[in-house]
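Asks: Here is the input, now give the coordinates:
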Amino acid sequence: MPKSKKASPFMTFAKERYPNLPINVAVSKAGKEWESMSKEKREKYVEKCKNTLFMVPKRELLTSQGVPISFVEKEKQELIKKEYSMKTEIEDIVISGRDTGNLADITFNFISVNYFSQTADGSIYTPAEIGISAYSLRDGVKNRYHSLVNPLTVPYGHAFETKTHSERTHQLGVPPDVQGETNLKKLYLNCLEFIRENNECGSEYPPLFTHQDEKIVKSVLEVLRSDCYDEEPVLRVYPLRELFFILKRTTSEIGETKPPESKHITNAYLDKDVYEYQVNIACDFHEKKDCAKYCALSCVTRWAYTLSDHLCKDLALDMEPGHHIPKDADCMSYTFSESNFDSSVVTQPKIEREHFNISKSTSLSTIEHFPSLKDSKKKSGRTNNMDNTMTTNSLCDHFDNESSSNPWMRRKISRRPAEESFSIDIGECDEFPRIPSSSGRGLLFSRVVEEAKTSRGRGLAFGD
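Replies: This is a model prediction of the structure:
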């Protein structure tokens with residue numbers, strides 16, 4: 001609240017005497033008159049100022065960059081409100097699905113983008129590629145949309161930055177010499193149509209989830225929407241890590257398994273990206289360039305596989321290759337009796353199978369992959385009489401006992417050298433070896449020995 005201050009009699013006189021002059025000129029002229037003025041005339045202005053107050057404007061506090069602190073605080077409060085609204089909306093979607101029993105059938109849309117360049121302030125990103133996938137816990141990846149983008153140009157002065165970024169990541173090149181759709185409005189309409197076909201859209205489109213920087217995705221969508229002249233709705237983009245954490249907490253409650261202690265656990269699974277180098281899930285361009293991990297289509301598919309790996313087992317859902325897991329994956333390794341969610345995975349090596357069966361077929365497949373084990377087992381005469389079902393602990397004990405037949409365990413065991421290696425008998429040598437002195441090094445060595453025997457000092461001792 002601004003402070004109040006009593007008016008000055010002299011300033012009141014100066015403003016009344018010279019109302020049309022600037023305050024500094026009025027004060028200089030009124031100063032001489034005020035000094036020559038009698039006390040009775042001054043009393044008139046003193047009485048006038050006794051009950052007169054004027055407001056002193058409060059100085060605005062600024063940051064080190066010159067931005068008002070009030071503006072910074074206002075932006076901070078707006079961000080807090082947006083984040084709260086986002087979390088509330090995600091929780092409402094998941095909780096309503098849980099209460100109605102159709103949580104496994106809710107469709108979530110994942111989006112990933114690539115860009116050519118960004119402006120100096122990082123507010124605009126030139127689109128290069130976009131990928132969207134429709135995913136549900138029951139059906140896995142139901143459908144995918146992908147398109148390369150050719151913006152025909154990049155911001156002036158950003159050609160080198162575009163070339164460097166492209167070579168380091170997606171390898172799409174530098175516009176306009178790139179592949180892709182040039183009609184940005186058509187691309188945005190295609191994205192809206194894809195979302196409508198795979199979701200029950202009412203008056204509002206469902207949010208899109210990404211594990212990238214939301215700022216980049218929002219900027220790319222805004223550039224695509226710029227040719228629509230604000231006729232089409234704005235798509236909301238939310239972080240995938242929030243959805244994963246809320247989903248995992250809910251499925252753990254339904255499946256009566258251990259819930260995540262914090263969202264850092266679920267974030268670690270997304271950051272780990274175990275399917276990063278999975279083939280045949282990217283677009284044809286990136287598969288040929290052998291840089292599939294940067295493909296937007298590959299990203300949205302890998303995120304879906306990661307969520308399936310940690311959520312479907314809580315709801316006892318079957319995982320279908322090509323939808324929940326890669327096509328060439330072993331389905332048996334994904335069929336657990338309990339959730340494979342374990343907080344220790346962040347600090348300890350991940351054991352892919354917690355409960356699985358070991359039968360004769362497993363032993364035969366092991367021998368096929370390691371032919372040398374066939375002979376070693378015959379020599380050792382050991383047989384595998386284990387039960388059909390084994391836990392992880394009993395499996396580790398088995399490998400400790402059978403280290404001789406396990407090539408990976410055998411690599412870690414360092415063999416102690418034989419005792420004979422440390423006892424070397426070099427015999428006794430009383431005189432120099434006889435070296436032929438006819439020519440070459442033998443003649444030179446003979447001369448050195450003769451000189452050493454006949455010289456003084458060290459040579460004399462050497463000769464003795």
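
Asks: Would you mind confirming that residue 191 makes contact with residue 130?
Replies: Yes: under the criterion of Cβ atoms under 8 Å, residue 191 makes contact with residue 130 at 7.1 Å. In short, each C-beta sits where N, CA and C put it, glycine included.

Asks: Mind listing the shared neighbours of the two?
Replies: Counting by Cβ atoms under 8 Å, 6 or more residues apart in numbering, the residues touching both residue 191 and residue 130 are 145, 224.

Asks: ok, these two, which is more surrounded?
Replies: Neighbours per residue (other Cβ atoms under 10 Å) separate residue 191 from residue 130, with residue 130 holding more: 27 against 23.

Asks: Name the residues of stretch 289-306 that are buried.
Replies: 291-306 (16 or more other Cβ atoms under 10 Å).

Asks: Ok, stretch 217-235 next?
Replies: Going by neighbour count (16+ other Cβ under 10 Å), the buried part of stretch 217-235 is 217-225, 232, 235.

Asks: can you give me the end-to-end distance of that stretch?
Replies: End-to-end distance for stretch 217-235: 10 Å, by Cα to Cα, to the nearest Å.

Asks: as a whole number, average confidence for it?
Replies: Average pLDDT, stretch 217-235: 90.

Asks: and if you look at stretch 253-261?
Replies: Rounded mean pLDDT across stretch 253-261 is 91.

Asks: try stretch 67-84
Replies: 91.

Asks: do the same with stretch 265-279
Replies: On average, stretch 265-279 scores 92.

Asks: pull the CA atoms of that stretch into CSV?
Replies: The C-alpha coordinates for stretch 265-279 follow below in CSV (Å, rounded to 0.1, in the frame of the first residue of the first chain):
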residue,chain,number,x,y,z
ILE,A,265,10.8,-44.6,-9.5
THR,A,266,8.5,-44.5,-12.5
ASN,A,267,10.5,-41.7,-14.1
ALA,A,268,13.6,-44.0,-13.9
TYR,A,269,11.8,-46.7,-15.9
LEU,A,270,10.9,-44.2,-18.7
ASP,A,271,14.4,-42.8,-18.7
LYS,A,272,15.9,-46.2,-18.8
ASP,A,273,14.2,-46.9,-22.2
VAL,A,274,15.0,-50.6,-22.4
TYR,A,275,13.6,-50.7,-26.0
GLU,A,276,15.8,-47.9,-27.2
TYR,A,277,17.6,-50.0,-29.8
GLN,A,278,14.5,-52.1,-30.8
VAL,A,279,14.3,-52.6,-34.6
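
Asks: remind me which residues of this structure are low pLDDT?
Replies: Within the chain, the segments meeting pLDDT under 70 span 1-7, 51-58, 201-203, 330-464.

Asks: other SSEs contacting the helix or strand harbouring residue 298?
Replies: In the assignment (DSSP states H and E), residue 298 maps to helix 296-311. Under the contact criterion of 3 or more Cβ pairs under 8 Å, 6 or more residues apart in numbering; DSSP states H and E, helix 296-311 touches strand 108-118, strand 125-136, strand 140-148, helix 240-255, helix 263-272.

Asks: Please export the C-alpha coordinates of that helix as PDB.
Replies: This file holds the C-alpha atoms of helix 296-311, laid out as PDB (Å, rounded to 0.1, in the frame of the first residue of the first chain):
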ATOM      1  CA  ALA A 296       9.300 -40.000 -33.400                       C
ATOM      2  CA  LEU A 297       7.300 -43.100 -34.300                       C
ATOM      3  CA  SER A 298       9.700 -45.300 -32.500                       C
ATOM      4  CA  CYS A 299       9.600 -43.100 -29.400                       C
ATOM      5  CA  VAL A 300       5.800 -43.300 -28.900                       C
ATOM      6  CA  THR A 301       5.900 -47.100 -29.500                       C
ATOM      7  CA  ARG A 302       8.700 -47.600 -26.900                       C
ATOM      8  CA  TRP A 303       6.800 -45.600 -24.300                       C
ATOM      9  CA  ALA A 304       3.800 -47.800 -24.900                       C
ATOM     10  CA  TYR A 305       5.900 -51.000 -24.400                       C
ATOM     11  CA  THR A 306       7.400 -49.600 -21.200                       C
ATOM     12  CA  LEU A 307       3.900 -48.900 -19.700                       C
ATOM     13  CA  SER A 308       2.700 -52.300 -20.800                       C
ATOM     14  CA  ASP A 309       5.700 -54.000 -19.100                       C
ATOM     15  CA  HIS A 310       4.900 -52.400 -15.700                       C
ATOM     16  CA  LEU A 311       1.100 -52.100 -15.700                       C
END
